[in-house]
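Undergrad: this one's sequence-less:
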Ligand code: HEM
């Protein structure tokens with residue numbers, strides 16, 4: 001039987017193929033692969049040092065026309081995140097300066113109390129049950145609400161907006177293209193109407209801030225603000241959700257590490273970094289060579305596409321001791337789960353860290369006897385070549401404790 005191509009989402013259906021990437025790291029660290037849509041195929045960079053070298057040299061390695069590798073015809077499409085991630089150079093810096101205003105440490109920290117209350121009520125809602133789906137009953141709500149809080153989506157519109165988000169960006173292989181496109185159009189029209197409202201009556205939310213922000217005489221158009229709303233829904237929700245679900249499973253599968261965290265919450269910051277490394281929800285971003293160049297001594301012609309495998313880099317024995325082990329006190333931990341440095345480094349990293357801290361703190365404290373309800377190896381995963389995670393993760397428990405005092 002021929003092996004599935006590395007860009008084929010089906011390859012990841014049974015979980016990330018760690019062994020195959022270890023083989024690449026050891027024997028073919030910058031490997032070439034054929035692709036039906038790319039004349040020159042694409043390259044996969046598997047080692048940590050090489051991934052960093054590509055990510056940090058934005059002069060040579062460009063994001064445009066887009067940082068994702070097309071999937072084979074007939075598969076559901078990867079989401080089209082426009083705006084920031086497709087831009088390079090000056091245009092990217094300008095845009096980033098504006099959207100950064102929405103992600104200052106002060107603005108992110110201000111969300112914390114609301115976030116904690118949201119997690120409390122999500123877990124409270126499970127107290128009279130003895131089982132749930134970690135994805136749909138817990139993990140997916142937090143990031144969606146956080147972005148809605150930031151952007152200023154009214155509570156009464158959220159069920160609708162979250163429904164569109166799931167259809168547009170969720171990786172449900174059964175959803176038709178028409179349904180997906182319709183949801184995307186509806187969401188865009190909604191974002192457009194909301195930003196129109198904010199233009200007339202500004203508040204202190206992110207939309208108003210983005211509409212007002214001006215850098216070097218540039219302001220975002222309303223279209224750009226609405227597109228950014230879509231980008232945030234996508235970039236902020238699938239990613240954090242999978243950190244929470246797969247991260248929880250990783251803790252359950254390492255009872256010694258779970259016990260360590262339960263005994264001492266002060267290790268949460270290093271624990272989150274280690275879970276990010278171990279889980280790596282975003283499997284790769286790619287770049288295109290702006291000139292003839294090389295990676296790890298392998299010549300790459302101008303125009304060729306190079307995939308930075310973040311998962312492989314995060315399991316690279318050259319960068320981490322016992323890379324397949326989970327060590328919640330690992331330090332230093334130079335993981336590349338948010339990108340490997342350079343101008344496109346994840347805009348939402350500090351927000352994702354706060355979400356994870358609060359969620360994991362509550363999960364390890366409030367649930368007694370938490371465990372997967374079935375064999376995790378048999379649980380359905382998201383169908384994607386970009387995001388690694390579970391489509392469903394049934395869990396069960398013995399009891400749920402009262403919320404922690406704030
Ligand atoms: C565990 C959660 C998350 C992970 C693993 C993650 C991962 C990543 C990665 C790998 C990149 C590409 C970096 C690069 O190309 O160098 C990225 C970019 C980005 N992320 Fe995240 N992300 C997470 C959460 C979030 C959240 C919560 C938000 C916003 C609410 C967000 C917004 C963005 C944006 C806007 C970009 C594009 C930045 C640019 O192109 O300048 N992410 N993220």
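TA: The structure has been received and is ready for your questions. Bear in mind that the values here come from a model prediction, so they are computed numbers and not experimental data. Numbering: from 1, shown residues only.
Undergrad: with adjacent residues omitted, what lies nearest to the residue in the stretch 201-350 of the chain that the ligand sits nearest to?
TA: The nearest approach of the stretch 201-350 of the chain to the ligand comes at residue 348, 2.0 Å away (C-beta to the nearest ligand atom). Placement of C-beta: from N, CA and C, glycine included. Nearest residue to residue 348, sequence neighbours excluded (C-beta to C-beta, 6 or more residues apart in numbering): residue 236, at 5.3 Å.
Undergrad: how many residues are close by the one you found?
TA: Residues within reach of residue 236, counting by other C-beta atoms under 10 Å, total 23.
Undergrad: residues in contact with it?
TA: With contact taken as C-beta atoms under 8 Å, 6 or more residues apart in numbering, residue 236 is in contact with 143, 146, 147, 348, 351, 352.
Undergrad: distance of it from residue 92?
TA: Counting by C-beta to C-beta, to the nearest Å, the separation of residue 236 from residue 92 is 19 Å.
Undergrad: which of the contacts of residue 236 lies closest to residue 215?
TA: Taking C-beta to C-beta as the measure, residue 215 sits nearest to residue 348 out of the contacts of residue 236, at 19.8 Å.
Undergrad: separation between residue 186 and the ligand?
TA: As for residue 186, its distance to the ligand is 21 Å (criterion: C-beta to the nearest ligand atom, to the nearest Å).
Undergrad: now that residue: closest residue in space that isn't a chain neighbour?
TA: residue 164 (5.4 Å).
Undergrad: and that neighbour, how many neighbours does it have?
TA: By other C-beta under 10 Å, the burial measure for residue 164, its neighbour count, is 22.
Undergrad: surely it meets residue 180?
TA: No - the criterion here is C-beta atoms under 8 Å, and residue 164 misses it with residue 180 at 10.0 Å.
Undergrad: so who does residue 318 touch?
TA: With the criterion set at C-beta under 8 Å, 6+ apart, residue 318 makes contact with 25, 47, 48, 49.
Undergrad: residues contacting the second one?
TA: Taking C-beta under 8 Å, 6+ apart, we find residue 47 in contact with 25, 29, 296, 312, 313, 316, 318, 319.
Undergrad: what helix or strand is the fifth one on?
TA: To tie it back to what came earlier, the one meant is residue 313. Secondary structure assignment for residue 313, by DSSP states H and E: helix 310-314.
Undergrad: average model confidence for the helix or strand just after that helix?
TA: For helix 310-314, the following helix or strand on the C-terminal side (DSSP H and E) is helix 349-366. For helix 349-366, mean pLDDT is 96.
Undergrad: what parts of the stretch 51-200 of the chain come near the ligand?
TA: 55, 84, 85, 96, 147 (C-beta under 6 Å from any ligand atom).
Undergrad: hang on, I meant the stretch 201-350 of the chain
TA: Close to the ligand, as judged by C-beta under 6 Å from any ligand atom, the stretch 201-350 of the chain has residues 231-232, 235-236, 239-240, 243, 281-282, 285, 310, 337-339, 342, 344-348.
Undergrad: now those residues: which count as buried?
TA: Neighbour counting over those (16 or more other C-beta atoms under 10 Å) leaves 231-232, 235-236, 239-240, 243, 281-282, 285, 310, 337-339, 344, 346-348 as the buried ones.
Undergrad: rewinding a little: in helices, which of the residues of the stretch 51-200 of the chain next to the ligand appear?
TA: 55, 96, 147 (DSSP state H).
Undergrad: now the buried members of those.
TA: Using 16+ other C-beta under 10 Å, the buried members of these are 55, 96, 147.
Undergrad: how far away is the second one from residue 285?
TA: Spelled out, that is residue 96. Distance from residue 96 to residue 285, by C-beta to C-beta: 15 Å.
Undergrad: tell me which residues touch the residue most central in space within the chain, please.
TA: The centroid of the chain falls nearest to residue 239 when counting by C-alpha atoms, centre = their mean (2.4 Å). By C-beta under 8 Å, 6+ apart, the contact set of residue 239 is 143, 281, 282, 348, 352, 387.
Undergrad: that one is in what secondary structure piece?
TA: Per DSSP H and E: helix 222-253 holds residue 239.
Undergrad: now swap in residue 198 and tell me
TA: helix 177-200.
Undergrad: and the next element down the chain from that helix?
TA: In N-to-C order, the element after helix 177-200 by DSSP H and E is helix 206-212.
Undergrad: picking up where we left off before, so can I have TSV of the buried ones among the ones in helices among the residues of the stretch 51-200 of the chain next to the ligand showing distance to residue 290?
TA: Formatted as TSV, those follow (distance: C-beta to C-beta, whole Å):
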residue	distance to residue 290
55	14
96	19
147	33
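Undergrad: out of those residues, who's nearest residue 115?
TA: residue 147 (11.5 Å).
Undergrad: what ranges in this structure fall below the confidence cut-off?
TA: 1, 71-82, 170, 406 (pLDDT under 70).
Undergrad: now do 50
TA: 74-81 (pLDDT under 50).
Undergrad: need the single longest strand in it, by residues.
TA: strand 38-45 (DSSP state E).
Undergrad: what's that strand packed up against?
TA: strand 30-35, strand 305-309 (3 or more C-beta pairs under 8 Å, 6 or more residues apart in numbering; DSSP states H and E).
Undergrad: measure residue 152 to residue 211 for me?
TA: 11 Å.
Undergrad: now do the shared contacts for the two.
TA: In contact with both residue 152 and residue 211: residue 198, using C-beta under 8 Å, 6+ apart.
Undergrad: now the phi/psi pair for the residue nearest to residue 124 when sequence neighbours are not counted, please.
TA: Leaving aside its sequence neighbours, residue 124 sits nearest to residue 403 (C-beta to C-beta, 6+ apart; 6.7 Å). Phi and psi for residue 403, reported as degrees, to the nearest 10, are phi -60, psi 150.
Undergrad: for residue 403, what are its contacts?
TA: Residue 403 neighbours (C-beta under 8 Å, 6+ apart): 120, 123, 124, 362, 366.
Undergrad: drop anything exposed from the residues you listed.
TA: By 16+ other C-beta under 10 Å, these give 120, 123, 362, 366 as buried.
Undergrad: now do the buried residues in the helix or strand where the first one lies.
TA: Counting by DSSP H and E, the secondary-structure element that holds residue 120 is helix 112-124. Taking 16+ other C-beta under 10 Å as the neighbour-count basis, helix 112-124 is seen to contain the buried residues 115, 116, 118, 119, 120, 122, 123.
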